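Novice: curious how this folds, go ahead:
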Amino acid sequence: MALFTSGSATCENLEGRTLFECADQLGIRVPTSCNRQGTCHECIVEVRRGMDGLRGRTDAEAFLRDNYRLACQAVVADAGAEIEFAPLGRRPKILTGSAINEADIEIDPLVTRREGSVFYDGVRIDEDRGRICGLAVDWGTTTAVMELMDLETGERLAMSAFENPQRFGGSDIMNRISFDGGPGRGELHKAAISSLNREIREFCSLVGISRQQIYEIVVVGNATMRDLFFGLDVQTIGQRPYKSQIEHEYLAHRRSGTAVCELAHRLAILAHPQARVYGGPLIASHVGADTAADLLATGMYESDETCMLVDVGTNTEVVVSHRGRMVAASCPAGPAFEGGLITYGMTGCDGAIESFSRNNGHWDFRTIGDVPPRGICGSGLIDLLAELRRTGEMAPKGMFADRARSLTLVPEQGITFSREDASNLAQAKAANYCGQLIVMRHLGIGPQDVQRLYLAGAFANHINIRNAVEIGFLAPVPEDRIVKAGNASLAGARQMLLSRRKRRQIEELVPRIEHVELETVPDFFELFVEGCQFKPMPGGWTN
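Specialist: Modelled structure (predicted):
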């Protein structure tokens, strides 16, 4: 009997043993803090093949669905089975660069020290331990990125990125809301805190500080991700009018804003017990604190130009500022362009094909890490679609020219692209298309009027802009007006951490932003159907 991980290593003859024991033999790190007793729920693995070869779920695994198991509980039952599994939390490619100039950001944190004491907003909370640090966290649906900052100098001390460990609750926010409303209530929150604490331990070891020297944590994410992080009930976000409890309380004048703040020890976070955990303000409905952070980082709210922000992800956010107005919308794109629902899709990790080109009938490609290909990430999928359209191998509606059900891309690894894959990408692309088009139309402008288009997020930073425009993924704004802003959400979280003025600015800006709910637009369905075709959005520059 052989068990396979996501790599090429195997282990044999483990009938009656757990997947955790197999991982030990393979040298694969699986997290646990309960000594494999099934109580911490940190050792979740995705069983990609061979679920039938395992014994049934134990009571400790009752909260899990689909092909997810606890490594310490999943016991091999079939001596003839071949089982492939992988721990959650793969390390994606970290985006460290940014087109945003933060040189003029004043260092004025709420945490300060003087005369042998540490203060939070003027209130003494600790003795001076030699350094004051904070964390900026961008908690995305698919990927989380965090950095440890020196609050006095603004220096980044450490940085990490990892797959969101909440993936076992579903690949998109609606599935996670449903999961958190069932028997698994609270498990997504526990997974978030456990992974954050694991990164904090590594940061402290790397930098040589104690966790008690972390005095503030700023967390941004969409409404669902932010509130799950804080352990809040997210059920109202999944029901019309899709607003969090925090937003409902704000609209009912029971709170002054949509930001949240909690003590670290109440969230069981490994920081100073009196450290504050600040969740950035939500804009409206699904348009969350990550978008607010984008606006802070790009500075577009202070610009006289007509600007557009597109933060591409499982939920894509679009914001347009024009003549003193700012309008936002959330596009439920789903996980297709981040690897979900695509046969050989994956996030931007080592082995992901990140670019494609057609060369004399053959596919040329480049992988992250320059290692053999394992799948295709979002930037590679955009290139693939554009090349298929350019060569006439795929019609605008996603049908292959020869009516085939799938195409072979990398025969050596068996990597294919199917008609179903194209359909899932078409629907994800249509959500992005509609969001950009409807928000511009709401302001009475078109792509030709946009003077600056900011593309935010790690995925957007790596896409080929020409290819994205040709398939209608992006509005046809002239390329010299497009700025790849990098991880603007993290940059904005960093500014909230380092500058009380910037934090106050974004809290004052958010209530002035108008929100458009796409599904309520009368011709949304017609626009969505049009957006499912792989062709450019109308209204672009013609010169």
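Novice: which parts of the stretch 151-300 of the chain are helices?
Specialist: 173-180, 187-207, 223-229, 245-251, 289-298 (DSSP state H, counting those that start in this stretch).
Novice: highest mean neighbour count out of those?
Specialist: Among the helices of the stretch 151-300 of the chain, helix 289-298 has the highest mean neighbour count (mean count of other Cβ atoms under 10 Å), at a mean of 30. From N, CA and C alone the C-beta is placed, and that goes for glycine too.
Novice: quick test: name the residue nearest the centre of the protein.
Specialist: G140 (3.0 Å; Cα atoms, centre = their mean).
Novice: let me know the pLDDT of it.
Specialist: For G140, the pLDDT comes out at 92.
Novice: pretty sure it contacts G221?
Specialist: Yes: here G140 reaches G221: they are 6.4 Å apart, a contact under Cβ atoms under 8 Å.
Novice: ok so, going back, out of the helices of the stretch 151-300 of the chain, which is closest to G340?
Specialist: Across the helices of the stretch 151-300 of the chain, the minimum distance to G340, taken as Cβ to Cβ, is reached by helix 173-180, at 10.3 Å.
Novice: ok, residues contacting that closest one?
Specialist: Contacting residues not belonging to helix 173-180 are listed as 65, 141, 166, 169-170, 186-188, 222, 224-225, 228, 234-235, 237-238, 286, 314-315, 332 [Cβ atoms under 8 Å, 6 or more residues apart in numbering].
Novice: go on, stretch 59-67?
Specialist: For stretch 59-67, contacts defined as Cβ under 8 Å, 6+ apart pick out 38-39, 41, 44, 46-48, 51, 57, 69-70, 73-74, 168, 179, 182-184, 187.
Novice: starting at the chain centroid, how far to it?
Specialist: How far stretch 59-67 lies from its chain's middle: 24 Å, per Cα atoms, centre = their mean, to the nearest Å.
Novice: okay, the helices of the stretch 151-300 of the chain in TSV with mean pLDDT and distance to G80 next?
Specialist: Shown next, in TSV, are those (pLDDT from 0 to 100; distance: least, Cβ to Cβ, whole Å):
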stretch	mean pLDDT	distance to G80
helix 173-180	94	33
helix 187-207	96	33
helix 223-229	98	40
helix 245-251	97	50
helix 289-298	96	47
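Novice: out of these, which is closest to L270?
Specialist: helix 187-207 (4.6 Å).
Novice: which pLDDT value belongs to the closest residue to A475 other than its chain neighbours?
Specialist: With Cβ to Cβ, 6 or more residues apart in numbering as the criterion, A475 has its nearest non-adjacent residue at 4.2 Å, and that residue is P447. Predicted confidence (pLDDT) for P447: 96.
Novice: P447: neighbour count?
Specialist: By the measure other Cβ atoms under 10 Å, the count of residues near P447 is 23.
Novice: quick check: longest helix of this protein.
Specialist: helix 419-442 (DSSP state H).
Novice: quick one: that one to chain centroid distance?
Specialist: Worked out by Cα atoms, centre = their mean, helix 419-442 lies 18 Å from the chain centre.
Novice: going forward, begin numbering at 44 instead of 1
Specialist: All set: I'll call the first residue 44, so the last point we hit is now helix 462-485.
Novice: may I see the buried residues of that helix?
Specialist: For helix 462-485, the neighbour count (16 or more other Cβ atoms under 10 Å) marks 464-485 as buried.
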